[in-house]
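Asks: Dropping a prediction and its sequence here:
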Amino acid sequence: LAAGAVVSGLNLALDRGATFSGNVRAAVGAAPIANANVWVNNDFYGASAVTDAAGNFAVRGLPPGVYHAYADAPGQNFVQTWLGDVPCRGFSCVDVGTPFTLASNATLSGQQFNMPVGGTIAGVIIDGATGFPGPRQTRLELFDSLGRTVVQPTSSGASGYSFTGLQPGAYKAVFASSSL
């Protein structure tokens, strides 16, 4: 392209992308899980969708590639579940579950996530020296029995904290605040 020149007539055709769709439900009782997030990702791209009242979802516009997918239902106390019904929550859950390949404009439908009910660890952070509630915005970390980080939320409100959707097992919680 030369300075001052105009090139026209370069038309582009957009690819609609592939679609990954299915249903999210409780592992026991098969009740649909509304408002769950379904994430589809690989090393280069990620997209998500939210389930409707019947637990149905459709993630659209995906470029061709090999993907992993998981469902998470924040605040509903279900364990994050990867495709193939592999429960796993935390930073160690990279590329777990059943991988799948999407071709250009393909549709992979009927995919099912059966999420087990999780457990909850909750409480209030207290300043050990004064006995008063700890400061807001305390950094929290929860580790599983193998020492892997499960979640890193920040407390809010009156220094309360809550870890939900946890698999059965032993955990270690670590709390830190710059004001203590």
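Replies: Nice, thanks for sending it over. Numbering: from 1, shown residues only.
Asks: With the flanking residues excluded, which residue is spatially nearest to residue 38?
Replies: The spatially closest residue to residue 38, leaving aside those adjacent along the chain, is residue 57, at 4.6 Å (Cβ to Cβ, 6 or more residues apart in numbering). Placement of C-beta: from N, CA and C, glycine included.
Asks: Mind listing residues that contact the lowest-mean-pLDDT helix or strand in the chain?
Replies: Ranked by mean pLDDT, DSSP states H and E, the weakest helix or strand in the chain is strand 149-151, scoring a mean of 78. Strand 149-151 has contacts (Cβ atoms under 8 Å, 6 or more residues apart in numbering) with 89, 90, 91, 92, 140, 141, 142, 143, 144, 163, 166, 171.
Asks: Quick one: the residues you listed as TSV, columns for distance to residue 103, neighbour count and pLDDT too.
Replies: As requested, those are exported to TSV (distance: Cβ to Cβ, whole Å; neighbours: other Cβ atoms under 10 Å; pLDDT from 0 to 100):
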residue	distance to residue 103	neighbour count	pLDDT
89	31	22	79
90	31	17	75
91	31	10	71
92	30	13	73
140	42	18	79
141	40	14	82
142	39	20	84
143	40	16	86
144	37	17	83
163	39	19	80
166	37	21	86
171	41	15	86
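Asks: Is residue 18 in contact with residue 100, as I believe?
Replies: No - the pair residue 18 / residue 100 is not scored as a contact, 10.1 Å apart, by Cβ atoms under 8 Å.
Asks: Which one of the two is surrounded by more residues?
Replies: The residue with more neighbours, out of residue 18 and residue 100, is residue 18; 22 against 16, by other Cβ atoms under 10 Å.
Asks: quick one on the thing from earlier: joint contacts of residue 18 and residue 100?
Replies: Going by Cβ under 8 Å, 6+ apart, residues that sit against residue 18 and also against residue 100 are residue 108.
Asks: With adjacent residues omitted, what lies nearest to residue 119?
Replies: Spatial nearest neighbour of residue 119, excluding adjacent residues (Cβ to Cβ, 6+ apart): residue 166 at 4.7 Å.
Asks: any idea how far the residue positioned nearest the centre of the chain lies from residue 164?
Replies: Among the residues of the chain, the one closest to the centroid is residue 72, at 4.9 Å (Cα atoms, centre = their mean). Using Cβ to Cβ, to the nearest Å, we find residue 72 at a distance of 11 Å from residue 164.
Asks: Kindly report the same for residue 4.
Replies: Distance from residue 4 to residue 164, by Cβ to Cβ: 61 Å.
Asks: Pull the distance from whatever helix or strand the residue nearest to residue 38 lives in to the chain's centre.
Replies: Element membership for residue 57 (DSSP states H and E) is strand 56-62. Relative to the chain's own centre, strand 56-62 is displaced by 15 Å; criterion: Cα atoms, centre = their mean, to the nearest Å.
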